[in-house]
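Enquirer: This is a predicted model, with the sequence first.
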Amino acid sequence: MLAFIIRRVFQSILVLLVVGAVAFSMFRFVGDPIDNMLGQERTQADIERLRTELGLDQPFPVQYYKFLKGAVQGNFGVSYRQGRPVSDILIERAPATLELAAVSGFLAITIGIALGVFTAIRRNGFTANAIMSVSLIGVSLPTFLIGILLIYLFSVELGWLPSFGRGETVMVGGWSTGFLTESGLKALILPSITLGLYQMTLIMRLVRSEMLEVLRQDYIRFARARGLRDRAVNFRHALKNTLVPVITVTGLQLGSIIAFAIITETVFQWPGVGLLFINAIQFVDIPVMAAYLMLISVMFVAINLIVDLLYFAIDPRLRADRTAAH
Amino acid sequence: MLRSLSFSAVLMASASMLGAEEFRWAETTDPQTMDPHAVNSAAVLGFLNNVYEGLVRRGKDMSIEPALATAWEPIDGGAGWRFTLREGVTFHDGSTFDAQDVLFSYERASSEAADTRSWFAPVSEVRVVDDYTVDIMTTAPNPIFPDSIANWMMMDAGWAEANTAVRPDKDNGNFATLNANGTGAFQLVTREPGLRTVLEPFGGWWDEAEHNITRAELTPIQNPATAVAALLSGDVDFINPVPIQDTARLAANDQVKVIQGIEARVIMLGFPHEAEALKYSNETADANPFADVRVRQAVSHAVNVPAILQTIMRGNAEEVSQLVSPAMRGFSADLAARPAYDPDRARALLAEAGYPDGFSFGLKCPNDRYLNDESVCQAVTGMLAQVGMRATLDAMPVQNYWPELRADNYDMYLLGWSPGTFDAEHPVRFLASTPNEEKKLGSWNFGGFSNARVDELLPMIQSEIDDGKRQMMLDETTKILQDEVAYVPLYVQPLVWGTQANVELTQRPDNFFLLRWVTVN
Amino acid sequence: MADLTQTTTPVERSRLRLALESDFAYQFRKSPVAIVSAAIVLFMVLCAVFAPLIAPYDPFDPASLNLMNGFSKPMEPNAFTGETFWLGTDDQGRDVFSTILYGMRISLFVGVAAVLFAMVLGVTLGLIAGYLGGWTETIIMRVADVQLTFPAILVAMLIFGIAKGITPVEYRDQMAIWVLIIAIGLSDWVQFARVVRGATLVEKNKEYVQAARLIGRGSGAIMLRHILPNVLSPVLVIATISLALAIIAEATLSFLGVGAPPTQPSLGTLIRIGQGFLFSGEWWILLFPAVTLLALALSVNLLGDWLRDALNPRLR
């Protein structure tokens, strides 16, 4: 067990290093930050000077080494665009994205599970089939269009909800939250629906197929045969057994929620890290891009690692698989 | 800062009921710094004009008027300018403005770390005569010097020293990146880069306030559709710009107003004058047709500018024949006619130049720099194809665009130019002079256009004090550039702002949004 | 990495395969949803393939465009030129109907090619990882982790950037489409690899594989002849669903400015362009491409859904 953990942690670090190297080698192709940093009246000499100052004239391995050295100490450098430490900016922006992701995730899980159970129990009913089909509409349109249509309907035409931003926020111990004000909560509705729709559909379908799988297992049949009522069978036995894979998949999806937040945040001008990243690309703000990609990678790798370790711990069959595989 | 107020429909409603003049506005880009000397860009200078002031400023009609200097005059027969400073002016932190601050601001704004350095290229020395008199000496007589320093903003020497911001620091930032201490009508209250920037009126301002704003908050909104939605739903009071296509719809809406004008920016096509051969041609890879003036003339006749203005710009722009718009000083009124749209003439010119069947080439274009730039390039591609010049369009974000142009990866390109000095000399210096790194000439002349007479005229224009003679030389330059088709100017970019119906404001061609002229009724 | 997919897709495939053909057809006839969506997909594919024959105009030929035709309303003559277009025209004066046909061609091409690329890559790597195990497996599955670490959008944006940097200038205009295919394909292969590896782990210990190995069959032959057929049905299901995802992903990338170029627009590019006219009253520039994309993706999704149920006998 310990050997397995050590090996996986070691592999994860290697993965991070590779991701970092790949990302860093790509930055040179994203564009040239110099033009954004200098005005119209710059000269070629100014361009060269700034490039040297920023260390952009150095070979890529040197740049990467410098970045890593700083990153290990929690220093991601200074944003080209904002002229202040990237770590400050990330800390400032993270609450917006995390709150949005949390609300979307919550919506996706609760609604997804409820609808999934419903469609599994009534698998041949008209409503269930209708839900199954309609839910696909949400994943058959690109996220940005769904967001824009929601804004058009609920902000412009109906005037019910704000069209952009986070609303009023309150600082609670360095964390700016939108949960404590009415406008903050209202501002969360449209972006979290936009962001959560895809995951909701996914979870609903997953729960449904898991439920169907479990419902035909022998122990459920025995339970029914013993005369337990449907409700008890469906929820106490079937749903419970469905949840383990659902939770793991949801965990893995957390990462993609944060990745997809890039689009949602752009459409809704949501001041989170996704919007920061898109701005960074437009400005070729290399320190911000590097830090963002590194953080996302750490997050994904950590989630992967945790899921792996959990599985290793709870499922002996997988352990057998592993040992057979290695 | 415990509670941070931001936009919301609820607040909005209560605010308008109370009649409070809290003003919210949205722009596409956030000013990247609060340091007036660190970045020379319209977004930064436009915003900071609300906070900082220069010796002179531009009025509603763009004319130069006194600001922190009450008077100025040439001295020693054109060897320099003497500025008399306004007395009793204080910075937002309460310290007094005097000649030492002017000297400090000169040293700061002309230092190597400053992006505004090029403004001071003609300056040889700044002398403090007394507390309220400053002499600025120039290397040669410079008649338009006061015009060129309207955006040179005064910073308090003591404040900068106390906060270790004596020089701008673009790479690492310093106190002045996030904080401001000017003499302007508004002071900076909150600065959260990329999120919001809050200004409040400065009680001790020396001039009389024309606005009735009690608080103003800027939020960048990138996606144009979101910005329009925010204006329509009342979440903001002002947006800049309004997407061209939404102009008519917004104008028809009672709740909002559209304010249109002509910007200083001229949109043009550029050519690889010096290239030996085309880079993106299938069959003409060993020659450069654009080196032939007849081919360039053909381009100017093939592009149907009125049609572009009619459809893509929806009647919101005006065609132009030279590198500056008619609103600029030094515009050549006699040369105002653009070559007519005449595809037959274009074909004839191409045949004459030896390309009866046309040729293929590559057109480079930004897709996020100018209003509807990509659509315009698409339209140009179609029009050129109709006379036989078959362009492959490559449109890209601006961060990739400039490096491509610098690397000469184009056969034709789209460029917009806004003269910082509002004078016709500016584009001659940057776009039409033979590139010369040492003399800082032609730094945006990507195609390497070169004409001996233009190079000869430029220094004469720069030091000519007599307006009539100066105009004659500018006319001559314009004529050469038109005859040689150095560029094909297309149109002057429109300015389109959107506000709530109850907002009154002033729009200037430099696209600076000044809060001191805003009233909310 | 745990194989969650094992629990979501059919695991027991060896027996299923035999009954597939006849049963499959029966299932199809029984499901109206499947018939309708298959018909729509087929219709759209045909439209896309024969676009040059059906479309009244060639929107990719800039010389044929008249800018003054711009913003014509559907079924109404243009104010300047008097020409009438079924579904109106866009800002460049392009016939929206023709543009949609050609756009669908590009969207489908990108989608199908990306999924094929992902499938070949994923199945190959999955088979190798599952069958060979050991360090080979570790490396492949760690690479899969790296791949997962980079969200599809980011992968595409970065690949786009690199491709721009390394493609010779004269090929750049055709580059966008291939970059999209590679980028979307690369972000998709992991699912295939995981499912195939999981199934391979199960299959390779079965008697028939052991037997094949005993009689001296090579690894390659065993993978191709014995294991591959058994993992095909989940691969087919994933491929169908991935196709819908790939088409949507292409649209999303267009929004971020790394999609198909506006001179050769895909459905996604058309929607990106059209959303700029949402408030200006030219609804047809957005609506028609959006409805087409919705119909296409929805049908493919419904088909994928049905396929999953139909290929999993235990759910019947």
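Expert: Good, I have the coordinates.
Enquirer: Write out the residues of the stretch 51-200 of chain A neighbouring chain B.
Expert: Within reach of chain B by CB under 8 Å from any CB of the partner chain, the stretch 51-200 of chain A has these residues: A:53-54, A:78, A:80-84, A:89, A:92, A:148, A:151-152, A:155-156, A:159-171, A:176, A:182-184, A:186-187. For the C-beta atoms, the positions are set from N, CA and C on the backbone; glycine is no exception.
Enquirer: Filter those residues down to the buried ones, PyMOL style.
Expert: Only the buried entries of these go into this PyMOL selection, using 16 or more other CB atoms under 10 Å in any protein chain shown:
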select buried, chain A and resi 54+78+80+81+82+83+84+89+92+148+151+152+155+156+161+162+163+164+165+166+167+168+169+176+183+184+186+187
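Enquirer: Filter the residues of the stretch 51-200 of chain A next to chain B down to the ones in helices?
Expert: A:53-54, A:89, A:92, A:148, A:182-184, A:186-187 (DSSP state H).
Enquirer: which two in those residues are spaced the farthest apart?
Expert: A:Glu53 and A:Glu182 (47.4 Å; CB to CB).
Enquirer: For the stretch 1-150 of chain A, give me the ranges with low pLDDT.
Expert: The stretch 1-150 of chain A contains residues with pLDDT under 70 at A:1, A:28, A:40.
Enquirer: Point out the residues in it that sit beside chain C.
Expert: Residues of the stretch 1-150 of chain A lying near chain C (CB under 8 Å from any CB): A:11-12, A:14-15, A:18-19, A:22-23, A:26, A:28-31, A:129, A:132-133, A:136-137, A:139-145, A:148.
Enquirer: Show only the entries of those found in helices.
Expert: A:11-12, A:14-15, A:18-19, A:22-23, A:26, A:28-30, A:129, A:132-133, A:136-137, A:139, A:143-145, A:148.
Enquirer: so B:Arg127 sits in a helix?
Expert: No. Counting by DSSP: H, G, I helix; E, B strand; the rest coil, B:Arg127 falls outside a helix, being strand.
Enquirer: who touches the strand or helix carrying B:Glu217?
Expert: According to DSSP states H and E, B:Glu217 maps onto strand B:215-220. Outside strand B:215-220, the residues that touch it by CB atoms under 8 Å, 6 or more residues apart in numbering or on different chains are A:164-165, A:269, B:5-7, B:21-30, B:47, B:186, B:189, B:194-200, B:236, B:515, B:518.
Enquirer: re the thing from before, in ChimeraX, how would I select the buried members of the residues of the stretch 1-150 of chain A next to chain C?
Expert: Of the residues of the stretch 1-150 of chain A next to chain C, the buried ones go into a single ChimeraX selection, burial set by 16+ other CB under 10 Å:
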select /A:11,12,15,18,19,22,23,26,28,29,30,31,132,136,139,140,141,142,143,144,145,148
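Enquirer: Settle this for me: B:Asn174 is touching B:Ala160, isn't it.
Expert: No. Applying CB atoms under 8 Å, one finds B:Asn174 not in contact with B:Ala160, separated by 9.3 Å.
Enquirer: The following helix or strand past the strand holding B:Glu217 vs chain A: in contact?
Expert: For strand B:215-220, the following helix or strand on the C-terminal side (DSSP H and E) is helix B:224-232. Yes. Under the criterion of CB under 8 Å from any CB, chain A is reached by helix B:224-232 at B:225-226, B:229-230, B:232.
Enquirer: Can you list the buried residues in the strand or helix carrying C:Phe43?
Expert: Using DSSP H and E, C:Phe43 sits within helix C:32-49. When burial is assessed from 16+ other CB under 10 Å, helix C:32-49 yields the following buried residues: C:34, C:37-38, C:40-41, C:44, C:47-48.
Enquirer: Out of those residues, the closest to chain A would be?
Expert: C:Ser37 (9.5 Å; CB to the nearest CB).
Enquirer: contacting residues around the closest one?
Expert: By CB under 8 Å, 6+ apart, the neighbours of C:Ser37 are C:298-300, C:302-303, C:306.
Enquirer: Extract the CA atoms of stretch B:337-347 and return them as CSV.
Expert: In CSV, the C-alpha atoms belonging to stretch B:337-347 read as follows (Å, rounded to 0.1, in the frame of the first residue of the first chain):
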residue,chain,number,x,y,z
ALA,B,337,-11.5,62.9,-52.7
ARG,B,338,-10.9,59.2,-52.5
PRO,B,339,-10.2,57.3,-55.7
ALA,B,340,-13.5,56.2,-57.1
TYR,B,341,-14.7,52.6,-56.9
ASP,B,342,-14.1,51.4,-60.5
PRO,B,343,-13.5,47.7,-60.9
ASP,B,344,-12.9,48.1,-64.7
ARG,B,345,-10.2,50.6,-64.1
ALA,B,346,-8.7,48.3,-61.6
ARG,B,347,-8.6,45.5,-64.1
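Enquirer: From B:Val51, how far out is B:Phe202?
Expert: 9 Å (CB to CB, to the nearest Å).
Enquirer: Which one of the two is surrounded by more residues?
Expert: B:Val51 (23 against 20; other CB atoms under 10 Å in any protein chain shown).
Enquirer: B:Met473 is in what secondary structure piece?
Expert: B:Met473 belongs to helix B:467-483, assigned by DSSP H and E.
Enquirer: The next helix or strand after that helix versus helix B:467-483: what angle between them?
Expert: Of the helices and strands lying after helix B:467-483 in sequence (DSSP H and E), the nearest is strand B:487-500. Relative orientation of strand B:487-500 and helix B:467-483, computed by axes from the mean of the first three to the mean of the last three CA atoms, to 10 degrees: 110 degrees.
Enquirer: now check strand B:487-500, is it near chain C?
Expert: No. If you take CB under 8 Å from any CB as the test, strand B:487-500 misses chain C, and the best it gets is 10.8 Å.
Enquirer: in its sheet, what does that strand sit against?
Expert: Sheet pairing here is set by DSSP bridges, and for strand B:487-500 it gives strand B:238-240 (antiparallel), strand B:256-270 (antiparallel), strand B:318-319 (antiparallel).
Enquirer: out of those, deepest packed?
Expert: When the strands paired with strand B:487-500 are scored by mean count of other CB atoms under 10 Å in any protein chain shown, the highest mean neighbour count falls to strand B:238-240 (a mean of 24).
Enquirer: mean confidence score for that strand?
Expert: What strand B:238-240 shows for mean pLDDT is 93.
Enquirer: neighbouring contacts of that strand?
Expert: Contact with strand B:238-240 is made by B:23-28, B:221, B:227-228, B:230-231, B:497-500, B:503, B:505, B:511, B:513, B:518, as judged by CB under 8 Å, 6+ apart.
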